[in-house]
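Engineer: The following block contains a protein sequence and its predicted model.
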Amino acid sequence: MIVSRLYIHPIKSLAGIRVDAFTLTDRGAANDRRWMLVDAEGEFITQRRHPRMVLLHTSLEDGELAVREQGDPHDSLRIPAVPELGESLQVRIWDDVCTALHPFTHASEWFSRKLDMDVRLVYMPEASHRAVDADYAPDGAITSFTDGYPLLLIGEASLDDLNARLTIPVSMERFRPNIVMADAAAYAEDGLLRFTIGDIGFSGVKRCARCVLTTIDPATALGGKEPLRTLAGYRTVDGKVMFGMNILHQGTGMVRVGDRLMV
């Protein structure tokens, strides 16, 4: 099995970036979901209620994070990818309360205008440690502003199998993985409990339960019933629709497209 694609999502729920390599840090891929948008009460917001977020595209260059709206490339935002200072805030993501920085008022104003609501763009600093669910992770495992786990793995063959059942195929981007693997059977990721990529060890800890976010077309921000309806017909476990595997890692280092996954 080999790594065929890699993705990072610098700002939670915005469009991601396909990359050739990334560095694994203590809480996942570098620059992956270290930023997040919150409402006036500090509650995280996502495409689930604000599908237009998928039309906001990110890029990283020369230490800066750039954001632009699809179809309006001239109205863009540029900020340091890693801020040094900022107002300290308590923010909520699911059941977790985390310390975050609010470093750039003008960035929050830009997003508020784009989403037509009062939001703040916040950053998770190194000192903020958000624990992974202890039922599935060893003591000390942390993550960023992900939905709960540092990394998500999906097989190319799994998407191929799903698309063979759909009238209109969907892209991998709908499922927002970090690592995509090839040369494996469909849904092989379900059984990958222990594997390595280079010198880094990984463990599959929990299949990923999918939500309405997968029904939002990343090209248009329009919603529908697919692919969740089709997935529900053959990938439902205990009332939840599963696609992909949440994984943890032991150690840090580089992961590159073309690397082998060794079981």
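Structural biologist: Here it is on my side, so go on. Numbering: from 1, shown residues only.
Engineer: what's the helix or strand of the chain with the lowest mean pLDDT packed up against?
Structural biologist: Least confident helix or strand, the chain: strand 72-80 with a mean of 92, by mean pLDDT, DSSP states H and E. Secondary-structure packing of strand 72-80 (3 or more Cβ pairs under 8 Å, 6 or more residues apart in numbering; DSSP states H and E): strand 64-69, helix 105-115. The C-beta positions use only the backbone N, C-alpha and C, and glycine is treated the same way.
Engineer: Does D190 touch R207 like I think?
Structural biologist: Yes. Here D190 lies in contact with R207, judged by Cβ atoms under 8 Å, at a distance of 6.1 Å.
Engineer: In terms of pLDDT, where does the residue lying closest to H9 once chain neighbours are set aside sit?
Structural biologist: Leaving aside its sequence neighbours, H9 sits nearest to G16 (Cβ to Cβ, 6 or more residues apart in numbering; 4.0 Å). On the pLDDT scale, G16 is placed at 96.
Engineer: Number of residues surrounding H50?
Structural biologist: 17 (other Cβ atoms under 10 Å).
Engineer: From F202, how far off is it?
Structural biologist: 32 Å (Cβ to Cβ, to the nearest Å).
Engineer: do the same with L37
Structural biologist: From L37 to F202 the distance is 29 Å (Cβ to Cβ).
Engineer: Next, the contact list for W94, please.
Structural biologist: Counting by Cβ atoms under 8 Å, 6 or more residues apart in numbering, W94 makes contact with 44, 147-148.
Engineer: quick one on the thing from earlier: need the residues touching each of D190 and R207.
Structural biologist: 242, 245.
Engineer: quick revisit: including distance to D96, mean neighbour count and mean pLDDT, could the helices and strands packed on strand 72-80 go into JSON lines?
Structural biologist: Shown next, in JSON lines, are the helices and strands packed on strand 72-80 (distance: least, Cβ to Cβ, whole Å; neighbours: other Cβ atoms under 10 Å; pLDDT from 0 to 100):
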{"stretch": "strand 64-69", "distance to D96": "23", "mean neighbour count": "18", "mean pLDDT": "97"}
{"stretch": "helix 105-115", "distance to D96": "21", "mean neighbour count": "16", "mean pLDDT": "97"}
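Engineer: right, and those - which one's nearest T252?
Structural biologist: strand 64-69 (21.5 Å; Cβ to Cβ).
Engineer: neighbouring strands for that closest one, and are they parallel or not?
Structural biologist: strand 56-61 (antiparallel), strand 72-80 (antiparallel) (DSSP bridges).
Engineer: Buried deepest among these, which one?
Structural biologist: strand 56-61 (a mean of 16; mean count of other Cβ atoms under 10 Å).
Engineer: What average pLDDT does that one get?
Structural biologist: Mean predicted confidence for strand 56-61 is 96.
Engineer: what does it contact?
Structural biologist: 9-11, 14-17, 31, 65-70, 81, 111, 114.
Engineer: Give me the sheet partners of the helix or strand I154 falls within and which way each runs.
Structural biologist: I154 is located in strand 151-155, with elements delineated by DSSP states H and E. Strands adjacent to strand 151-155 in the sheet, as given by DSSP bridges, are strand 179-182 (parallel), strand 240-250 (antiparallel).
Engineer: What is the helix or strand following it packed up against?
Structural biologist: Downstream of strand 151-155, the first helix or strand assigned by DSSP H and E is helix 156-165. Counting contacts by 3+ Cβ pairs under 8 Å, 6+ apart, helix 156-165 packs against strand 179-182, helix 228-232, strand 240-250.
Engineer: Using CSV, please lay out the strands paired with strand 151-155 together with mean pLDDT, distance to V263 and mean neighbour count.
Structural biologist: Output for the strands paired with strand 151-155, formatted as CSV (pLDDT from 0 to 100; distance: least, Cβ to Cβ, whole Å; neighbours: other Cβ atoms under 10 Å):
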stretch, mean pLDDT, distance to V263, mean neighbour count
strand 179-182, 98, 11, 23
strand 240-250, 97, 13, 21
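Engineer: That concludes my questions; thank you for your assistance.
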